[in-house]
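# Mind looking at a prediction? Sequence and model below.
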Amino acid sequence: MKTAFIGLGVMGFPMARHLARAGHQVTVFNRSLEKAERWAETHQGRAARTIAEAVADCELVALCVGNDDDVRQVVGEALPALSPGAIVVDHTTASAKLAREMAEAAAARGCFFVDAPVSGGQAGAENGQLAIMVGGDAAAVERARPVIEAYAKAIQHMGGPGAGQLTKMANQICIAGVVQGLAEAMHFSRQAGLDPALVYEAISKGAAQSWQMDNRWKTMAERKFDFGFAVDWMRKDLGLVLDEARSNGARLELTALVDQFYAEVQAMGGRRWDTSSLAARLDR
């Protein structure tokens with residue numbers, strides 16, 4: 001399929017690579033032209049100088065950018081250049097309200113907008129093993145599925161526009177609570193004089209086991225946080241969660257508390273630290 005990929009950050013760069021390796025014809029655009037040209041040279045694709053140029057004649061456009069405003073800008077520039085029937089697949093973690101707004105804008109042009117935020121982090125993007133939660137028109141989702149399978153291990157259609165973003169919010173709620181629990185367990189273990197490595201061996205095969213424990217306990221024990229999903233990004237995501245909760249009446253006491261803990265980590269200088277740096281806050 002003739003595709004475009006907009007946004008070549010730590011997630012988008014490898015996601016676009018998987019599209020090319022799967023045999024799709026890929027044109028890329030990035031705010032930094034140098035990065036787009038580097039991608040094109042490496043993966044036999046094409047780098048465009050504008051979004052309109054990148055998406056011209058494409059059947060599917062994927063994007064992975066920063067926030068609601070970025071998505072709105074990209075889609076606003078892309079839609080006039082797209083042919084009717086084209087599909088825009090947004091992998092940005094953004095608001096459900098924006099997804100509904102973009103779906104309406106796309107429909108007015110005879111196109112489709114699918115909100116498809118991802119989970120799995122940079123490693124999932126690099127390995128083509130992302131979990132993708134999708135909202136949008138069912139027929140458009142099925143047309144897009146063979147393309148986004150290039151970098152996904154699981155794709156779940158959750159419902160109409162915005163449903164993918166709402167599901168990603170549930171994902172972030174779970175992560176916030178689990179990481180805070182791990183941070184406190186690590187802190188408690190040290191205060192009790194236990195060896196964190198032995199604690200992991202003792203509890204990681206039982207009911208406490210989680211992806212976060214398997215992938216972050218060791219680095220938390222070593223006080224290494226200069227990698228992974230940045231605290232700034234997590235606070236952006238939790239802001240979306242808490243805004244949505246204020247609208248729908250959900251009670252998210254723990255999530256709101258952990259969001260404030262992340263604010264403390266930011267104040268410590270940890271804006272770009274991994275989300276597991278909640279442990280550093282307890283070590284002060």
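Received, thanks.
# Distance check, A250 against M169.
Between A250 and M169 the computed distance is 9 Å (Cβ to Cβ, to the nearest Å). For glycine as for every other residue, the C-beta is placed from the backbone atoms N, C-alpha and C.
# more neighbours, these two?
For A250 versus M169, the count of surrounding residues by other Cβ atoms under 10 Å is larger for M169: 26 against 14.
# Contact partners for the more buried one?
A96, D237, L240, V241, E244 (Cβ atoms under 8 Å, 6 or more residues apart in numbering).
# quick check, nearest of those to Q129?
Checking those against Q129 with Cβ to Cβ, the nearest one is D237 at 20.2 Å.
# From A197, how far out is the closest residue to that closest one other than its chain neighbours?
Nearest residue to D237, sequence neighbours excluded (Cβ to Cβ, 6 or more residues apart in numbering): Q172, at 4.7 Å. Taking Cβ to Cβ as the measure, Q172 falls 29 Å from A197.
# try A176
Distance from A176 to A197, by Cβ to Cβ: 25 Å.
# re earlier: what helix or strand does the residue nearest to D237 sit in?
helix 163-191 (DSSP states H and E).
# what about V179, distance to R72?
30 Å.
# Pairing partners for the residue most central in space within the chain in the sheet, please.
The chain has V118 as the residue nearest its centroid, 4.4 Å off, counting by Cα atoms, centre = their mean. Per DSSP bridges, residues listed as beta-bridge partners of V118: I132.
# wait, doesn't it sit right on V134?
No: between V118 and V134 there is no contact under Cβ atoms under 8 Å: 10.0 Å.
# re earlier: who's more crowded, A176 and A197?
More crowded of A176 and A197, by other Cβ under 10 Å: A176, with 25 against 13.
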